[in-house]
Every structure is written in structure tokens, then in C-alpha cells.
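**Q** Here is a sequence with its predicted model. Questions after.
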Amino acid sequence: MEKWQNSDTLLLWVIIIIGVMILLVGTLISVFYISYRKVLRSKDEEIRIKMDYQRSLLQVSLEAQENERIRIAADLHDNIISTLTVIRLKAAIGSNQQELDQLLGTAIDESRRISHELSPPLYEEKPLENNLLTILKSWRSFYHIDHVVDVRTDRPINKTIKLQLVRILQELLNNVHKHAKASHVDLTLRITNKYIVLLVKDNGIGFNTTTVKNGIGLQNIALRTDNLNAQYKYKSSKEKGTRFIFFVKNGKNKISIS
């Protein structure tokens with residue numbers, strides 16, 4: 001009998017083969033385990049980032065609400081209350097009726113403006129394009145405004161989409177007014193059966209997108225966009241203005257911006 005056919009030698013080979021197989025299986029298990037742990041860590045990190053983002057948006061929402069309360073309080077105090085105080089004083093000294101009526105008209109107009117900003121009148125019944133053009137109209141004394149409205153469907157638009165788009169446009173125009181030093185604003189609105197696209201451009205001084213991206217205005221827009229399961233992008237160049245584009249699915253599914 002040859003040496004390799006010896007029972008002890010065969011047993012040794014069997015042990016070696018089993019050992020190699022165990023080593024291979026152990027190595028494979030280790031590789032799969034490490035990969036699995038990496039996947040878990042990646043998912044945990046993704047969840048953590050999403051939670052941090054949601055907390056950030058919640059904080060922005062709370063700050064925006066508080067800022068809005070402060071602004072409304074200032075409007076009430078500086079415009080309406082001061083005007084009513086003047087009316088009271090003028091009435092006490094016997095001012096003529098025409099002057100009092102004019103001051104009352106100013107107070108009523110200011111009250112109506114604040115009320116409209118809090119809740120746009122009849123926005124649910126009015127078409128989206130009418131709501132947005134009404135907002136643009138109030139800024140025509142500050143800017144040369146051009147608009148293009150392209151409506152290709154009779155499909156009714158959800159009231160939440162209407163309201164959030166109204167708020168987004170208000171936020172964009174407020175940002176232009178505060179920071180852009182622009183003279184011209186362009187708005188393009190396209191509505192189809194599948195999607196709604198809003199494009200707003202200005203010819204202002206632009207801004208550094210890396211340093212301003214965490215500003216309250218943009219985060220407030222991000223919050224509203226997230227609420228609609230929509231997407232947006234913006235591009236700004238120094239001295240060349242800012243371009244903002246917003247997409248929302250005219251239905252239930254999310255649209256992707258490439």
C-alpha cells in the first residue's frame with residue numbers, strides 16, 4: 001500500500017480539507033458580516049441625517065412662525081394702531097369728516113393687507129395662476145415684472161399645493177426685495193396633467209449659494225417643498241441674478257429633477 005493510501009495519511013488529508021473548508025466558510029461569514037455591518041451603519045447614518053434634517057426643518061418652521069408673529073405685531077402697532085390713535089386724537093379736536101374718512105380708509109387697507117398675507121382670500125376657489133399673479137401685482141410698484149403662464153389642463157389643483165406655492169412665491173419675492181437689489185423679475189408658470197413648474201428669475205446682485213443656503217428664507221422654502229413631496233433648485237451668480245425653479249407632481253408621486 002502506498003504511503004498516501006495509508007489510513008493515517010487519508011485522515012490527515014480529510015482533516016486538512018475540512019480545516020480549509022471551515023476557514024473558507026469562516027472567511028466568507030466574516031466578509032458577509034462586515035458587509036452587513038457596513039450596510040447597517042450606512043442605514044443608521046442615513047436615518048440620523050434624515051432625523052437631523054427633519055429637526056432642522058422643524059426648528060426653521062418654529063422660527064418662521066415666531067418671526068411672522070413679530071412682523072404681524074409690528075404691522076399692527078406701526079400701521080393700524082398708530083393710525084387709529086391719530087384718528088382718535090383728530091376726532092377729539094374736531095377734525096373734518098373727510099380727513100377722518102381718509103385715515104379710516106388707510107387703516108382698513110392695512111388691515112386687509114395683513115389679513116390677505118395671513119390667509120389669501122378665496123385661494124381655494126381661484127385658479128393657482130390667478131393667486132400667483134395677484135401676488136405679483138402687489139410688487140409692480142417696486143419692479144418691472146414679466147410673466148408667462150402656460151396652463152395645459154383643466155385638472156383641479158390640490159388646495160395644499162396652491163397655498164404652499166403662494167407662500168413660496170411670497171418668500172421668494174420678499175428675499176428679492178430684502179437682498180437682491182433687483183429691478184426686474186420674471187415668472188414662468190407651467191401646469192400640465194402631470195406636473196406644475198414655477199420658475200422665478202431676477203436681475204439682482206446674486207448671492208453666494210454656499211454661505212446662504214442655511215438662511216431662514218431658503219430653509220422655509222425647503223420646509224414647504226418637503227411638505228409637498230416636491231423638489232426645487234436655485235442658481236445664483238454674482239451680479240447676474242438668481243434663478244429659482246420648483247417642481248411638484250400634479251398628483252401623488254414625487255417628481256425628480258435631474
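**A** Thanks, I have the structure now. Note that the structure is a prediction, hence the values are computed from the model and not measured.

**Q** For the rest of this, base every contact and every neighbour count on C-alpha atoms.
**A** Will do.

**Q** residues near residue 188, how many?
**A** Residues near residue 188, counting by other Cα atoms under 10 Å, number 15.

**Q** go on, residue 179?
**A** 13.

**Q** how close does residue 34 get to residue 28?
**A** Residue 34 sits 10 Å away from residue 28, going by Cα to Cα, to the nearest Å.

**Q** Also residue 47?
**A** Distance from residue 47 to residue 28, by Cα to Cα: 28 Å.

**Q** Check the offset of stretch 207-226 from the chain's centre.
**A** On the basis of Cα atoms, centre = their mean, to the nearest Å, stretch 207-226 is displaced by 7 Å from the centre of the chain it belongs to.

**Q** What is the end-to-end distance of that stretch?
**A** OK, stretch 207-226 end separation, Cα to Cα: 23 Å.

**Q** List the buried residues for that stretch?
**A** Buried residues in stretch 207-226, defined by neighbour count with 16 or more other Cα atoms under 10 Å: 207, 216-225.

**Q** could I get those as a markdown table with distance to residue 192, pLDDT and secondary structure?
**A** Listed next are these as a markdown table, based on distance: Cα to Cα, whole Å; pLDDT from 0 to 100; DSSP: H, G, I helix; E, B strand; the rest coil:
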| residue | distance to residue 192 | pLDDT | secondary structure |
| --- | --- | --- | --- |
| 207 | 32 | 82 | coil |
| 216 | 31 | 65 | helix |
| 217 | 28 | 72 | helix |
| 218 | 26 | 79 | helix |
| 219 | 27 | 77 | helix |
| 220 | 26 | 79 | helix |
| 221 | 22 | 86 | helix |
| 222 | 23 | 85 | helix |
| 223 | 24 | 82 | helix |
| 224 | 21 | 84 | helix |
| 225 | 19 | 88 | helix |
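
**Q** I'd like to know which elements the host helix or strand of residue 54 is packed against.
**A** Element membership for residue 54 (DSSP states H and E) is helix 7-75. Contacts defined by 3 or more Cα pairs under 8 Å, 6 or more residues apart in numbering; DSSP states H and E place helix 7-75 against helix 216-227.

**Q** what angle do the helix it packs on and helix 7-75 make?
**A** Interaxial angle of helix 216-227 relative to helix 7-75 (axes from the mean of the first three to the mean of the last three Cα atoms, to 10 degrees): 120 degrees.

**Q** for helix 216-227, packing partners?
**A** Counting contacts by 3+ Cα pairs under 8 Å, 6+ apart, helix 216-227 is packed against helix 7-75, helix 159-175.

**Q** After it, heading C-terminal, what element do we hit next?
**A** strand 231-237.

**Q** Could you please name the strands whatever helix or strand comes next after that next one pairs with and the direction of each pair?
**A** Using DSSP H and E, the helix or strand that follows strand 231-237 towards the C-terminus is strand 241-249. If you go by DSSP bridges, strand 241-249 pairs up with strand 195-202 (antiparallel), strand 231-237 (antiparallel).

**Q** so which of the ones you listed gets nearest residue 55?
**A** Closest to residue 55 of the strands paired with strand 241-249, according to Cα to Cα: strand 231-237, at 18.9 Å.

**Q** which SS state does residue 154 fall under?
**A** Put simply, residue 154 is coil when judged by DSSP: H, G, I helix; E, B strand; the rest coil.

**Q** With residue 145 instead?
**A** What three-state DSSP gives for residue 145 is strand.

**Q** just checking, it touches residue 186?
**A** Yes: if you go by Cα atoms under 8 Å, residue 145 and residue 186 touch, sitting 5.8 Å apart.

**Q** The helices and strands packed on helix 216-227: lowest mean pLDDT?
**A** Set side by side, the helices and strands packed on helix 216-227 give their lowest mean pLDDT on helix 7-75, at a mean of 79.

**Q** how distant is that helix from the center of its chain?
**A** Relative to the centre of its chain, helix 7-75 is centred 29 Å away, using Cα atoms, centre = their mean.

**Q** tilt between the helix or strand following that helix and helix 7-75?
**A** Sequence order places helix 82-92 as the next helix or strand after helix 7-75, per DSSP H and E. Angle of helix 82-92 versus helix 7-75, following the same axes, to 10 degrees, is 10 degrees.
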